[in-house]
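Q: Need the 3D shape of this:
(2 chains)
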Number of protein chains: 2
Amino acid sequence: MKRALLTVFALGFVPAVGSLATAQTSDSLPSWNDGRSKQSIVEFVAKVTEKGSPDFVPPAERIAVFDNDGTLWVEQPMYTQLLFAFDRVQALAPQHPEWKDKEPYASILEGDVKGALAGGKKSIVEILMATHAGMTTAEFEQIVKDWIATAKHPTTKRPYTEMVYQPMLELLVYLRANDFKTFIVSGGGIEFMRPWTEEVYGIPPEQVIGSSIKTQFRMQDGKLVLVRLPEVNFIDDKDGKPVGINQHVGRRPIAAFGNSDGDLQMLQWTTAGPRPGFALYVHHTDADREWAYDRNSSIGKLDKGLDEARAKGWTVVDMKQDWKTIYPPAKK
Amino acid sequence: MKRALLTVFALGFVPAVGSLATAQTSDSLPSWNDGRSKQSIVEFVAKVTEKGSPDFVPPAERIAVFDNDGTLWVEQPMYTQLLFAFDRVQALAPQHPEWKDKEPYASILEGDVKGALAGGKKSIVEILMATHAGMTTAEFEQIVKDWIATAKHPTTKRPYTEMVYQPMLELLVYLRANDFKTFIVSGGGIEFMRPWTEEVYGIPPEQVIGSSIKTQFRMQDGKLVLVRLPEVNFIDDKDGKPVGINQHVGRRPIAAFGNSDGDLQMLQWTTAGPRPGFALYVHHTDADREWAYDRNSSIGKLDKGLDEARAKGWTVVDMKQDWKTIYPPAKK
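A: As a prediction, this is how the structure comes out:
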């Protein structure tokens, strides 16, 4: 950023505030096409960071919150954590011979995803508890690390950690360079994300908020451990997102980024404060490079949120128009 | 720190590692008398921060957790938050005429603390719910800010924010100067602490972990708010401390500071990992300058913890011997 700024001055060009702000980010958001979406981000950051601006926000209060599934990484054709759970059912099946005659396990073991999900929410909770509880937090962390290091996305065959959105990675870096503290606020499992978010997004575990099951501190085989119990602790979705943010951060964010109706309350909360708040929806409009879905999707449904975004003038990223690239280059 | 180091070299004195570490902190912990307690802190910090040390810990993983009541500030003759609740009962009494005939309120209104607490835990929960719930999070924050700005400690008549331990304030700064991230992990209410911890301890709201009641996101008088409900969400004490740390931080701390049996599990968890962990108890031994209490106190009981600290070689601060001063100088 500084380099771009110096160049501008070296050229003897004295820019107006608007173009200065654009110049400052010409290096920072290279995967964003010029247009209203990029402009709205840059203008918001400029007005809250410029000393003397009536909208100036002190660095300590520059909290930005990001949904994960569909906002930072791919959620199609299925939430990654659910695919992880299916793989765990396969891995644990030898210890559970009864599963081959019992739904939803029988369908999973036969590779029948539709059958596995036929029982709806109840089946999903059962699958999650069977695969996410009953071990220590340290054991679960290792299971996630091992899986994420080798698992491949079903259609692209790329690692999930590369199925992240390059423009959003740039946005995270850009905000942090402007003294924002970036948090994940996801409906996904908090302990499913923490083992890899620091490496992939630069977001440390203490800045990850998500759904959780209860844990218990106990002595086990002569060691003090935290054991994961098959009991829901917190659902970090919809109304739960502002609650989770308050619980973990204790401040109202000034910028929120989501992609579905599950993020609506988080965006509402961020923009309902006494200060200006920035809200952005990623709209999945690119069937060729990613997926196109919104009002009628069972995954990442964006319906009420799209209406409210338009009514309130929130930024709606048109993935097809606004993003030069979708994914980062392959690592190998 | 840097100045001290430069002075050492300017004098042409080439110190051994041990004395270098001491020299580096001679400015940083001025309220600590030289002795085993101070020495143990300095040695621990040196070994986890020195590159090449077999015990080196990367900055991102240098998590330090501090109990609040009795560890960072005074908890005698009564927990500050309970005194706040008593003051709230007085303030709210006009809206509750029934309280003057109903315990525990009647006793509080008559200034009879013993009578108010005669009902034990059940009475305390009732008092807390009556005074801490039923308003928005923003309203409660303002109530706490107003109270803490004016309330005075019953015996010293100093503001509670000056009834903090100067040696511990220095320790917080010293650890942060060595790239530790400092957290509060208290049995006290998370929303009771957050409004003032940043100013008093330099600990921002997102690094405060405490007990909490549930909140609900709702529309109220045309505004989106979080309403505090009279329902316990989480008790951050004893077994709850490692659970709360895992929930909020997602990493095992490498240093933990407490003063009572309520902190024991936090100290155990911190020292039970694969890496060296530092555990310290503040032992209240100074009846003249503060209070002297341990095994038989109803507030801040330190019994099992003292035994375990001695058995495991944890640092036990003898307040009378180890601390040059107790409180910071008065602000006015």
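
Q: Which residues of chain A lie near chain B?
A: For chain A, the residues in contact with chain B (Cβ under 8 Å from any Cβ of the partner chain) are A:60, A:63, A:137, A:181, A:190-191, A:194, A:198, A:204-208, A:212, A:215-217, A:223-224, A:226, A:233, A:239, A:242-243, A:246-251, A:265, A:268-269, A:272. Backbone N, C-alpha and C define where each C-beta goes, glycine included.

Q: Buried only: go through those for me.
A: Buried members of those, scored by 16 or more other Cβ atoms under 10 Å in any protein chain shown, are A:63, A:137, A:181, A:190-191, A:194, A:198, A:204-208, A:212, A:215, A:217, A:224, A:226, A:233, A:239, A:242-243, A:246-251, A:265, A:268-269.

Q: can you map out the helices along chain A?
A: A:2-10, A:17-25, A:36-49, A:80-92, A:105-109, A:113-116, A:120-132, A:137-150, A:166-177, A:190-201, A:240-248, A:264-271, A:304-312, A:319-322 (DSSP state H).

Q: Throw those helices into JSON lines and include mean pLDDT and distance to B:Glu162, thanks.
A: As requested, the helices of chain A are arranged in JSON lines below (pLDDT from 0 to 100; distance: least, Cβ to Cβ, whole Å):
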{"stretch": "helix A:2-10", "mean pLDDT": "37", "distance to B:Glu162": "42"}
{"stretch": "helix A:17-25", "mean pLDDT": "43", "distance to B:Glu162": "43"}
{"stretch": "helix A:36-49", "mean pLDDT": "97", "distance to B:Glu162": "34"}
{"stretch": "helix A:80-92", "mean pLDDT": "97", "distance to B:Glu162": "48"}
{"stretch": "helix A:105-109", "mean pLDDT": "97", "distance to B:Glu162": "61"}
{"stretch": "helix A:113-116", "mean pLDDT": "92", "distance to B:Glu162": "61"}
{"stretch": "helix A:120-132", "mean pLDDT": "94", "distance to B:Glu162": "47"}
{"stretch": "helix A:137-150", "mean pLDDT": "98", "distance to B:Glu162": "39"}
{"stretch": "helix A:166-177", "mean pLDDT": "98", "distance to B:Glu162": "36"}
{"stretch": "helix A:190-201", "mean pLDDT": "98", "distance to B:Glu162": "37"}
{"stretch": "helix A:240-248", "mean pLDDT": "98", "distance to B:Glu162": "29"}
{"stretch": "helix A:264-271", "mean pLDDT": "98", "distance to B:Glu162": "35"}
{"stretch": "helix A:304-312", "mean pLDDT": "98", "distance to B:Glu162": "45"}
{"stretch": "helix A:319-322", "mean pLDDT": "98", "distance to B:Glu162": "53"}
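
Q: which one is the residue in the stretch 51-200 of chain A that chain B sits nearest to nearest to, not counting chain neighbours?
A: The shortest separation between the stretch 51-200 of chain A and chain B is 4.6 Å, found at A:Arg194 (distances taken as Cβ to the nearest Cβ). Nearest residue to A:Arg194 in three dimensions, chain neighbours excluded: A:Pro205, at 4.1 Å (Cβ to Cβ, 6 or more residues apart in numbering or on different chains).

Q: contacting residues for the one you found?
A: A:Pro205 makes contacts with A:Arg194, A:Thr197, A:Glu198, B:Val249, B:Gly250, B:Arg251, as judged by Cβ atoms under 8 Å, 6 or more residues apart in numbering or on different chains.

Q: Just put those in a markdown table and tack on distance to A:Gly119.
A: Output for the contacts of A:Pro205, formatted as a markdown table (distance: Cβ to Cβ, whole Å):
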| residue | distance to A:Gly119 |
| --- | --- |
| A:Arg194 | 29 |
| A:Thr197 | 30 |
| A:Glu198 | 35 |
| B:Val249 | 35 |
| B:Gly250 | 31 |
| B:Arg251 | 36 |
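
Q: Closest one to A:Val316 out of the residues you listed, please.
A: Of all the contacts of A:Pro205, A:Thr197 has the smallest distance to A:Val316: 25.3 Å, by Cβ to Cβ.

Q: Thought A:Ser186 was touching that closest one, still the case?
A: No: at 9.6 Å, A:Thr197 does not count as touching A:Ser186 under the criterion of Cβ atoms under 8 Å.

Q: So for these two, which sits in the more crowded spot?
A: Between A:Thr197 and A:Ser186, A:Ser186 has the larger neighbour count (other Cβ atoms under 10 Å in any protein chain shown), namely 30 against 22.
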